[in-house]
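> Got a predicted structure plus its sequence, pasted below:
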Amino acid sequence: DLVRSRGLGDVYKRQVNTNAINGEMGTLLLDPENLVIKNGTNDGDDLDSSLNWSRKSTELWGYTVDTDYLFGQILEADLVSIIYESELEGMPSDSNIILEATNNITMENLGDLDLQATTGSFTITADSDGVGGGDFTMTQSNKIITQGGNVTISGANVTLGDITTNEGNLTASASETSITVAGDIYTSNGDVLLKGNTVFTKTTTIDAGTGNICFADACANSANNYTVATDGAFWHYLTLIGHDIVFTGNIGGSGEEFDKVTITASGDVKAGTYDIFAYGLLSSGASSFTLGSFTQALGTNKSDHVEISSDVISVGNIVTSANNEGGDITLNAADITVGALNSSGGQKGGKITVTATDDAVNGTPSFTLNGDIDARDTGGSDHGIVTLTLAGTSSPFGSFILGYTGNFTSAVSVTGSAGVDTITAALSLIHISE
């Protein structure tokens, strides 16, 4: 069941009832060359004077349409077609709204586009002919809201403002350069899928509740790798809240670092071998946390801290060194595997605290260290304290496995049921027990 406008198709001027005769949901499809979504309660296209309006019968392609609704013609060759927010907001909650344009779709300063969609959906497709150059754009001041309906947005490039779906899924795809995020995203347990290199232009929160957040073609697997970065402006914070958080490329980069990345996950944080470049990192709640490495890459005088709490942590090197004051590094999990830990500073070294605690799922705690530990004050004596703790509750109380074959730069204290040892040379395996 479909109401469609493209070429010589029909488009509504005031309202279309997309409910079919048998009560099934209907679909409204608009497909001109360019489309602008405007603020206000006016009707239809901006080319009213050139259109030949006529009254239609009460039945159109299997739909019941009230006899006082006027329909007209929008040609695909029209340079710009216009639809007003009131027309979209008036669509029934079970309608599927599809806005397509072979070139650009632009949402002007609407404030809130508050759709009734619950079981229905809202789909925006710029560059619908796939030849490139067609973008979707909305500003930070714009907001798309559904009452549970899924939102799908695609184009050669996509710019998103605020989006709230109330348990609906959000999917955004960019076929050419990037997805630009200029607002906050709240799905209240719906999944967020961002299929394209993603650039954040402001401090942003993506809160999916128990839904997944995936910078990938799909959460389970991805044929492509997508980076996550800022627009180059410092002080952008990124907060991600969801079940699984999936990355398929680096987070930040040279000149595109985040200030702080905060992740709260009830499932797994999956970044594979990819890296985070930021001023600080805070992650909590995850069943597992996997990352290539963390680098405090801003070259600032003082580094923020890195704190990761999870059941299982597997990370490469963690570097929070800074010109003056190194940032603290704190790791808490049942099983921890990490490369080098470097919190050194030119005037003060940051603390390094690693605690492996057993739990009902993972049993005896373990800590595997595959790199050096450096918490020095490289210009003086204010070194950071390094403490490694195995907090098992039953024998064996934990295992400390050294995959590093050199001497540690800093003195390391290992605390377990057997007491405290200071390690200054490479060891193969330490079992700590009473």
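Yes, it's here.

> what about stretch 143-153, how long is it end to end?
14 Å (CA to CA, to the nearest Å).

> Next: stretch 323-331.
By CA to CA, the extent of stretch 323-331 from end to end equals 23 Å.

> likewise stretch 95-106?
Terminal residues of stretch 95-106 lie 22 Å apart, using CA to CA.

> Quick one: end-to-end distance for stretch 196-204.
End-to-end span of stretch 196-204 (CA to CA): 17 Å.

> how about it: buried residues?
Buried residues in stretch 196-204, counted by 16 or more other CB atoms under 10 Å: 196-202, 204. Where C-beta positions appear, they are placed from N, C-alpha and C, glycine not excepted.

> Report the mean per-residue pLDDT for that stretch.
Here stretch 196-204 scores 96 as its mean pLDDT.

> quick one on the thing from earlier: next, give me the two most distant ones among the buried residues of stretch 196-204.
Maximum pairwise distance in the buried residues of stretch 196-204, criterion CB to CB, is 18.2 Å, between Gly196 and Lys202.

> hang on, Cys87 in a helix?
Careful, residue 87 is Glu; it's not Cys. Yes. Assessed with DSSP: H, G, I helix; E, B strand; the rest coil, Glu87 lies in a helix.

> remind me which residues of the stretch 301-434 of the chain are low pLDDT?
Applying pLDDT under 70 to the stretch 301-434 of the chain flags residues 359-363, 394-397, 416-434.

> Strands along that one, start to end?
Ranges of strands within the stretch 301-434 of the chain are 306-315, 318-319, 329-333, 335-338, 341-342, 352-357, 366-369, 373-374, 386-391, 399-402, 412-416, 419-423, 429-431, based on DSSP state E, counting those that start in this stretch.

> and those strands, which is most packed in?
Highest mean neighbour count of the strands of the stretch 301-434 of the chain: strand 341-342, a mean of 27 (counted as mean count of other CB atoms under 10 Å).

> So what's the gap between that one and the chain middle?
Put simply, strand 341-342 sits 27 Å off its chain's centre (CA atoms, centre = their mean, to the nearest Å).

> again with stretch 214-223
With CA atoms, centre = their mean, you get 12 Å for stretch 214-223.

> helix/strand/coil for Trp235?
Applying three-state DSSP: Trp235 is coil.

> again, but for Leu282
Following three-state DSSP, the label given to Leu282 is strand.

> Contact partners for it?
By CB atoms under 8 Å, 6 or more residues apart in numbering, Leu282 lies in contact with 260-263, 305-308.

> Now for those residues: which two are most distant?
Maximum pairwise distance in the contacts of Leu282, criterion CB to CB, is 14.4 Å, between Ile263 and His305.

> More neighbours: which of the two?
Ile263 (24 against 19; other CB atoms under 10 Å).

> returning to that earlier point: could I get the strands of the stretch 301-434 of the chain as TSV with distance to Ala278?
As requested, those are exported to TSV (distance: least, CB to CB, whole Å):
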stretch	distance to Ala278
strand 306-315	9
strand 318-319	11
strand 329-333	14
strand 335-338	17
strand 341-342	15
strand 352-357	18
strand 366-369	23
strand 373-374	20
strand 386-391	22
strand 399-402	28
strand 412-416	26
strand 419-423	30
strand 429-431	33
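
> before we move on, back to that, could you tell me which of the buried residues of stretch 196-204 belong to strands?
Among the buried residues of stretch 196-204, the residues falling in strands (DSSP state E) are 198-200, 204.

> and those residues as JSON lines, adding distance to Leu291?
Below are those laid out as JSON lines (distance: CB to CB, whole Å):
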{"residue": "Thr198", "distance to Leu291": "17"}
{"residue": "Val199", "distance to Leu291": "21"}
{"residue": "Phe200", "distance to Leu291": "19"}
{"residue": "Thr204", "distance to Leu291": "20"}
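
> Let me know the closest of these to Ile245.
Ile245 lies nearest to Thr198 out of those, by CB to CB, at 13.1 Å.

> from memory that closest one sits against Val181, does it?
Yes. With contact defined as CB atoms under 8 Å, Thr198 counts as touching Val181 (6.2 Å).

> any idea of the pLDDT on Arg14?
Arg14 is given a pLDDT of 32.

> for Ala182, same thing?
In this model, Ala182 is scored at 95, pLDDT.

> Please report the distance of the closest residue to it other than its chain neighbours from Gly384.
Spatially, and ignoring its direct neighbours in sequence, Ala182 is nearest to Gln140 (4.3 Å; CB to CB, 6 or more residues apart in numbering). In this view, Gln140 and Gly384 are 40 Å apart by CB to CB, to the nearest Å.
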